[in-house]
Every structure is written in C-alpha cells, then in structure tokens.
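Novice: model the following, please.
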Amino acid sequence: MPKNFILRFKQRLSRVLGLLSLIRNQGISYALARFFKKLYFKLDTTPLWTDWQKLLSEAPLATDITYQQWLNRNFPRSSDLKKMVETIELFRYKPTISVIMPVFNTSEDFLKEAIDSVLNQIYPNWELCIADDASTQSHVKSIIEKYAACEKRIKFVFRTQNGHISQSSNSALEIAKGDFVALLDHDDLLTPDALYEVALLLNKHPDADMIYSDESKLDEQGNLRFPSFKPDWCSDSFLSRMYTCHLGVYRRSLINQIGGFRIGYEGSQDYDLVLRFTEKTDKIFHIPKILYYWRIHPASTSLGEKDVKPYAYVAAQKALEESLQRRGEPGKVVSIPQFLGIYHIRYVLKESKLVSIIISVFTQDQTFISKCLQSIFEQSTYSNYEVVVISHGSTSKQDSDVLKRWHTQYPKQLKYYELPTVCSASSLKNYGVEKAQGDYLLFLDADTEVNTPDWIDAMVEQAQRPAIGAVGALLLYENNTIQHAGLILGIHSAVGHSHKHFPATEQGYMLQIQAINNFSAVSGACLMCRREVFEKVGGFDKNLIDHYYDVDLCLKMVKKGHRNIYLPYVSLYHYECEENNISDTDLAYFRSKWQDFIQHDPCYSPHLTREYEDYRIEV
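Specialist: Alright, predicted model coming up:
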C-alpha cells in the first residue's frame, strides 16, 4: 500500500476523531448542522473533504494522528483571530516589533511564503527588516523589491559582499527601529497570531526582555511534524543545548548593548546571542503556544544531522566555553558525539569538602545494604566522604554484623546508628543529618548501586554553585531502563518520573534523557545538596511520613530561589524494592501544599500528558 495513501488516511481519520470530540464536548452544533445542509444541497459541486476541513478548526495537516488531534483543538480558527484583532484595540502597550530576516539565495516559493507569513500577522505594529547577503540568484532581489513597493513596513538592504548569517543579521538589525526584535529565518513561517501573542504577553509583563514560544517542524509536503512543547525558562537546560530556538523575541536595546551577532559563530549564532543576552537579564518569558514553523529541507539545521552544517556544533561549544569564562564558573564543555547538539558542562571543583552520604535502612532494604556499601567504597573516586547509615532498629543480627564488618574495614568513613523505635522515613533522614558532619549531604537509598566512579565529584560540581538546590542522578532498573531521570509535577495529579522504563540509551523528548536539565524535583533515592540549603528550607517535612518528602524538599528549595538539576552522566542502579501503597494522608497533604506546582510545573509543558510518563501530547 503506498505510503502517501496511508498518510492521507491517518490524517483524515484524525479529523474524524476531532469531529467526534467536537460532538462529544459541544453536542450537535450549528456548524455540524450547516455541514449536513450543505452536503445535502451541494454534494455534486462541493468536495466533501473541503467541508470537513473547514469544519474542523481550519487546522493545518500533521503527519501524526495525535498531533493532528491537538491541532484540531488548539489551532486558532478565523473567529479566534477576529477576536484577537478586537482585543488589540484594548492594548495599553503596542510596541513595534522588528522582524529580522537575513536572506541568501532563498528559493522563490520559500521566500514568498516567509514574507507572506509576516504580512498575514493580525498584530499591525511590525516592520520586516530584510538583509540580502549578496544573493546570486536574481529572483531574490526582484521579490524583495516588489513586496517592499507594496508594503511600507518592509525595509531592506542589499549587501554587496557575502558575509554569512551573522553579518547579514547585523545588517538587518542596523535598519531596525522597533522596541523588540523577532528572528525569522528566510525559509520559515510565523503563525498569523505570533506577534499578537508576543504583544499580549508584553501587556502583561512590560518588563520582559526575552520571549520565546513553542514551535513545529514543517516538511517539504507542507505537513506539520515534531512539535516542540517547551518548558519555561530553565537556565541549566539551556546550557546543555539550545532549546528555546523559535520564535525568539528580544529587547532591541539589549541586543545592541551586547553587540548583536558575533562573527565566527555561524550556525550557532542564535545560541551565542542568547547566551550573552541572558547574562544581562533574567526577565525571560515563555509563551506555551506554537507560533513558528521551522521548515525541514536538505540544507536545514532542523534535521539535526552531522553532515548538515557540522560547523554549527563546533561554534556552539565555543560559545558555551566563552560563556563559562564570562560567568566566572570555570569548567569544561564536553560534546556528546552520539547526540549532536547536547553539551555537558563539568565545572571545576573549588574545594573537596566533606560529603556525608546518608543511607536510611528499612526492613525491606536489608538485603541490599552490603552491595550498596561495596559500590560506594570500591568505586568512588572522590576521597573526602563519610557514610552515615541510619536504621530504625529492626535490623537483624546478621545485618548488624554486615555493618560491623564494613565498619571494621572503613572505620573512619562509616558510621551507623540505630533508633530504638520505628519512625517515618522523613524523620529518619533528618536524624541522619544530625549525625552527619559534611558540608554536602548526599541522601542515598540502601537499594542503590553506584555505576559511575566519579559520581560524587560530578554532583559536588553542581551542588557547589550558589544557585543550585538539589542535584539528582539517572537511576536505572537492573535491565538498564530508566527508573528516574527527573520528576514531573502534575502526573497522576501528584508526581511522575520522566521517561520511566525508557532505554537509558535513547535521547528522550527534546533530548531530555541525555541532556542536563532543570526539574522542579529530583528523586531522594540519590539527591545531593549543600547543608546550608537543607537547613534553610527546614529539612524534610515530618508531616510527610513515607512519601513525597523528597519532592517537598526540592519544591521548598525552588521557592527559596534555587534550581534543581538532573545529571544524565551520573548513573546508579536502583533496585527499588517493593514499597507500601502511598498513604491517603501523605497524598492529601502533598496536594494541598503544592497545588500550584501540580497545576503548572514550570519545567514541563502544559501541552504534554498528565497521565503518562513518556511526554506524549495531551489531547
């Protein structure tokens, strides 16, 4: 069966599903009645499919059924755009947005479509600043001049020498006069509401300096695919890869202050620009809507292939290295060849302060404690650490003998204490902190096994940074699938594990598995923080008896202005012995305390699932 037929069948099926959803949610609407009336009277002249397409949200076609359903529900209808136009009249602030578009030998169709996407903006206060980089194809100049002759908001400059993307972008910037600058590649498209949504946000947050939106790829057949539903601003995630991308809008005065685009960073000129830009401001906002279509074709970096502009990855690494120097955080930028576009920063250790590894032993953990201790003592390359084992008193004589044996081998590093009565997990860990001497606290479950020799070094590298709260690791099941790669608030109306059960070798959604990422919370099965941060937030909440105390700790750190971080290159096995069911008391208390994060996790998109842990689209 031809692939095109299968694709068209899937697309049409998705629209039928969208129609059924419409009927389910709204009943037999006026639009549906009109459709059947039109079908009855004009069946011989009106294509059936055309009417269905108009009825179903006027949405563009996608190659994926789930994405198509999302578009059917979320793509703005003509009536939505009309209401937006009416809303513009109520704006108190109507900034001019300069759309910067460097051009070089763009195909005729792509260039016209890019310009048309600006002309079709419902927000009127824009100017399109085109800089042609000495194109050798005659149609480019002709098209630009014809459009400019018909639209006074189009400005242009024809460069006499080819200077590549950075110089061409700067030439466009020189003729820009707007309050803000929006970047548009010469073969991409803005959605009709793109600049409206930017202006709407600026009316709510007039102090915003940088704004970015979600985006989608557009293939050569004109179909949408690979939507990128992004988190809000996560600065450490950004240091691992350029995730904000398109649409990007920046305050022009700050762009000028940092000197615009830099020569020598072609292919990653936007990444370099935003790295320098975000060193000047933290007023960064995310619009969780698809406002930009990034076109896929053989010469586009959107393909992310090694043989497409390989210099871009070299430029990105160079930009990151210089950014670390400017920020006063010396470190090494490590590229990941098997996952192009991802970089891991290994910061220089300022001091090798004492790390206290705090292990709470419960009845179900006793069979694992020896393996856990063996992996710590035999694998860890970091030398200045102590291990503090806390038991609630139910340890058998055999297991006590195990701890005594390890204590005999490592008398200076291993301490163990038994509490006479059974107590909660949160209280047990707080007691462990009281007995610990370290500047860094590393909470570790007894059913874990170290899999990365420099695990402590890597975690201290991050925990030593003043802005960082909790540092988490990649936790694996015995079959090398993921148990934990960061926690997501809102899954099952509480908490879920990012990419649970995915193979650890996969890249994950938007490279999440392999990149360093900010998360609102990380698992307490392996969590490091500075003692001062732990004490500042009051430690583990004793009201959470056996569950969510680690998530609660992380969220308290976020509330105090710290960022929590997941490290993909620190891995441990987590055998995760069977746990008791989550108590209704813990769940109710957690939900009441952190409802705002459950409703909106800033490190997770509102357009992604709240039922599963695999980043599928919410429809």
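Novice: name the helices or strands packed onto the helix or strand containing I144?
Specialist: Element membership for I144 (DSSP states H and E) is helix 138-150. For helix 138-150, the elements it packs on are helix 108-119, strand 126-132, strand 154-158, judged by 3 or more CB pairs under 8 Å, 6 or more residues apart in numbering; DSSP states H and E. C-betas here are computed from N, CA, C, even on glycine.
Novice: which residues sit against the second one?
Specialist: Residues outside strand 126-132 that contact it (CB atoms under 8 Å, 6 or more residues apart in numbering): 96-104, 115, 118, 140-141, 144, 151, 153-159, 168-169, 171-173, 175-178, 195.
Novice: selecting buried members of those residues in PyMOL, what would you type?
Specialist: PyMOL command restricting these to the buried ones, with burial defined by 16 or more other CB atoms under 10 Å:
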select buried, resi 96+97+98+99+100+101+102+103+104+115+118+140+144+153+154+155+156+158+159+168+169+171+172+173+176+178+195
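Novice: could you give me the buried positions within the helix or strand containing G469?
Specialist: Taking DSSP H and E as the criterion, G469 maps to strand 468-476. Using 16+ other CB under 10 Å as the test for burial, strand 468-476 gives I468, G469, A470, V471, G472, A473, L474, L475, L476.
Novice: dump the residues you listed to CSV, plus distance to E86 and pLDDT.
Specialist: Listed next are those as CSV, based on distance: CB to CB, whole Å; pLDDT from 0 to 100:
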residue, distance to E86, pLDDT
I468, 46, 98
G469, 44, 98
A470, 46, 98
V471, 49, 98
G472, 47, 98
A473, 51, 98
L474, 50, 98
L475, 51, 97
L476, 54, 97
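Novice: what about S375, which SS state?
Specialist: helix (DSSP: H, G, I helix; E, B strand; the rest coil).
Novice: surely it and A446 touch.
Specialist: No: with contact defined as CB atoms under 8 Å, S375 does not count as touching A446 (11.4 Å).
Novice: hmm, back to that, CA atoms only: put the helix holding I144 into CSV for me.
Specialist: These are the backbone C-alpha positions of helix 138-150, laid out as CSV (Å, rounded to 0.1, in the frame of the first residue of the first chain):
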residue,chain,number,x,y,z
SER,A,138,18.2,37.2,-9.5
HIS,A,139,14.7,36.4,-8.3
VAL,A,140,15.7,37.2,-4.6
LYS,A,141,16.2,40.9,-5.3
SER,A,142,13.1,41.1,-7.5
ILE,A,143,10.8,39.6,-4.9
ILE,A,144,12.1,41.8,-2.1
GLU,A,145,11.7,45.0,-4.1
LYS,A,146,8.1,44.0,-5.3
TYR,A,147,7.0,43.3,-1.8
ALA,A,148,8.6,46.5,-0.4
ALA,A,149,6.9,48.6,-3.1
CYS,A,150,3.5,47.4,-1.9
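Novice: would you mind pulling the contact partners of that helix?
Specialist: 103-106, 108, 111-112, 115, 119, 130, 132, 135, 154-156, 158.
Novice: with these in mind, which one is nearest to A312?
Specialist: Closest to A312 out of these is F104 (15.7 Å), distances taken as CB to CB.
Novice: once you drop chain neighbours, what's closest to the closest one?
Specialist: In space, F104 comes closest to D133 once its chain neighbours are excluded; the distance is 4.3 Å by CB to CB, 6 or more residues apart in numbering.
Novice: got the phi/psi numbers for the one you found?
Specialist: With angles defined as degrees, to the nearest 10, D133 sits at phi -90, psi 60.
Novice: pLDDT value on it, please?
Specialist: Looking at D133, its pLDDT is 95.
Novice: hey, which of the helices and strands packed on helix 138-150 is tucked in deepest?
Specialist: With neighbours defined as mean count of other CB atoms under 10 Å, the helices and strands packed on helix 138-150 peak in mean count at strand 126-132, which reaches a mean of 25.
Novice: how far does that strand sit from its chain's centre?
Specialist: 30 Å (CA atoms, centre = their mean, to the nearest Å).
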